[in-house]
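Student: sequence unavailable; structure follows:
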């Protein structure tokens, strides 16, 4: 199961983009967006998100 970003909680800080080892997270309209096919379910982004907007 790929990471999911709650768009309402995402502030667009890009910490998750820098954290993702597979570059599965990009910015779209100022918010983080996960490309499910590229996500390897490692959860690295979940622990780094300062607003807890990402879950698995």
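Tutor: Received it, and whenever you're ready, just let me know what you need. Note that this is a predicted model, so its numbers are computed, not measured. Residues are numbered from 1 along each chain as shown.
Student: for residue 6, what are its contacts?
Tutor: 53-55 (Cβ atoms under 8 Å, 6 or more residues apart in numbering). The C-beta positions use only the backbone N, C-alpha and C, and glycine is treated the same way.
Student: highest neighbour count among those?
Tutor: residue 54 (24 neighbours; other Cβ atoms under 10 Å).
Student: what does it show for phi and psi?
Tutor: phi -110, psi 140 (degrees, to the nearest 10).
Student: identify the residues contacting it.
Tutor: Contacts of residue 54 (Cβ under 8 Å, 6+ apart): 3-6, 16, 32, 34, 45-46.
Student: now, of the residues you listed, which are buried?
Tutor: Buried subset of those (neighbour count, 16 or more other Cβ atoms under 10 Å): 3, 5, 16, 32, 34, 45-46.
Student: okay, now residue 20: neighbour count?
Tutor: 22.
Student: so it sits against residue 45, correct?
Tutor: Yes: at 5.7 Å, residue 20 counts as touching residue 45 under the criterion of Cβ atoms under 8 Å.
Student: narrow the buried ones among the contacts of residue 54 to those in strands?
Tutor: 5, 32, 34 (DSSP state E).
Student: contacting residues around the second one?
Tutor: The one in question is residue 32. Contacts of residue 32 by Cβ under 8 Å, 6+ apart are 5, 10, 12, 14, 16-17, 25-26, 53-54.
Student: and these as TSV, adding distance to residue 40?
Tutor: Conversion of the contacts of residue 32 to TSV gives the following (distance: Cβ to Cβ, whole Å):
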residue	distance to residue 40
5	16
10	21
12	23
14	20
16	14
17	15
25	12
26	15
53	19
54	14
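Student: related to what we said a few turns ago, using TSV, please lay out the ones in strands among the buried ones among the contacts of residue 54 together with pLDDT.
Tutor: Shown next, in TSV, are those (pLDDT from 0 to 100):
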residue	pLDDT
5	98
32	98
34	98
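Student: show me the common contact partners of residue 20 and residue 45, please.
Tutor: What both residue 20 and residue 45 touch, as defined by Cβ under 8 Å, 6+ apart, is an empty set.
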